[in-house]
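[1] The amino acid sequence is not available; the structure is as follows:
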């Protein structure tokens, strides 16, 4: 681990993730997909699609915003043409959205996942893969699972560029075995001497 970055392997690619303190007791390595570059995300999307291909997926779903670039590339490499986005920010076309509460590790307050009612037929009765940048506490993924299943989707796989620590395993319960990721990262705790130590539990 370098002083302000964490080196991680994401499939066949390497990345240096900036370390950002959330509190005196918790520091995260941030994977910001919109800063990774087109070629990096294209390659990662191809490799993640390869991990998910055996699940015979009909449609890819993702959580805005950082999951969108990943979902586009996974959709493309699975040979599909359609993906859906679960939004966290109200938009004009979401005034009558179906919603599910969620609280993320990087968000100070509760939010809601919003799904456009006009898109229900895209997921209802179909085999869906939830794809995101990071599976961390499992809160966003769990909310996405509940929302999509409530719409009649059959969620057959969960894909991520990386998983973070392991709290998500307990949070997702029986669905944890569906997670496929290209890499793993810990969270970080103070070591008592001004440095940080890796925490793989969370």
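    Received the coordinates, thanks. The structure presented is a predicted model; accordingly, all values stated were derived computationally and were not measured.
[2] ok, which stretches of this structure are strands?
    Assigned by DSSP state E, the chain shows strands spanning 5-10, 13-21, 27-29, 59-63, 83-86, 98-102, 111-115, 127-135, 154-164, 179-185, 187-190, 196-199.
[3] want to throw the ones you listed into TSV with mean pLDDT and mean neighbour count?
    In short, each C-beta sits where N, CA and C put it, glycine included. Converted to TSV, the strands of the chain look like this (pLDDT from 0 to 100; neighbours: other Cβ atoms under 10 Å):
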stretch	mean pLDDT	mean neighbour count
strand 5-10	97	17
strand 13-21	97	15
strand 27-29	96	21
strand 59-63	97	25
strand 83-86	98	22
strand 98-102	95	17
strand 111-115	95	21
strand 127-135	98	26
strand 154-164	98	23
strand 179-185	98	20
strand 187-190	97	19
strand 196-199	96	15
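[4] JSON lines please, covering those and showing distance to residue 74.
    Shown next, in JSON lines, are the strands of the chain (distance: least, Cβ to Cβ, whole Å):
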{"stretch": "strand 5-10", "distance to residue 74": "14"}
{"stretch": "strand 13-21", "distance to residue 74": "15"}
{"stretch": "strand 27-29", "distance to residue 74": "22"}
{"stretch": "strand 59-63", "distance to residue 74": "5"}
{"stretch": "strand 83-86", "distance to residue 74": "8"}
{"stretch": "strand 98-102", "distance to residue 74": "21"}
{"stretch": "strand 111-115", "distance to residue 74": "19"}
{"stretch": "strand 127-135", "distance to residue 74": "5"}
{"stretch": "strand 154-164", "distance to residue 74": "7"}
{"stretch": "strand 179-185", "distance to residue 74": "11"}
{"stretch": "strand 187-190", "distance to residue 74": "25"}
{"stretch": "strand 196-199", "distance to residue 74": "28"}
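[5] Out of the ones you listed, flag the one nearest residue 35.
    When these are compared by Cβ to Cβ, strand 13-21 sits nearest residue 35, at 9.3 Å.
[6] ok, back up a step: tell me which of the strands of the chain sits nearest to residue 146.
    Between the strands of the chain, strand 98-102 lies closest to residue 146; by Cβ to Cβ that is 5.5 Å.
[7] and the angle for that closest one with strand 59-63?
    50 degrees (axes from the mean of the first three to the mean of the last three Cα atoms, to 10 degrees).
[8] so what strands line up beside strand 98-102?
    Here strand 98-102 is paired, per DSSP bridges, with strand 111-115 (antiparallel).
[9] starting at the chain centroid, how far to the partner strand?
    15 Å (Cα atoms, centre = their mean, to the nearest Å).
[10] Quick one: residues in contact with that strand.
    63, 84, 86-88, 90-91, 94, 97-104, 140, 143-144, 147-148, 151 (Cβ atoms under 8 Å, 6 or more residues apart in numbering).
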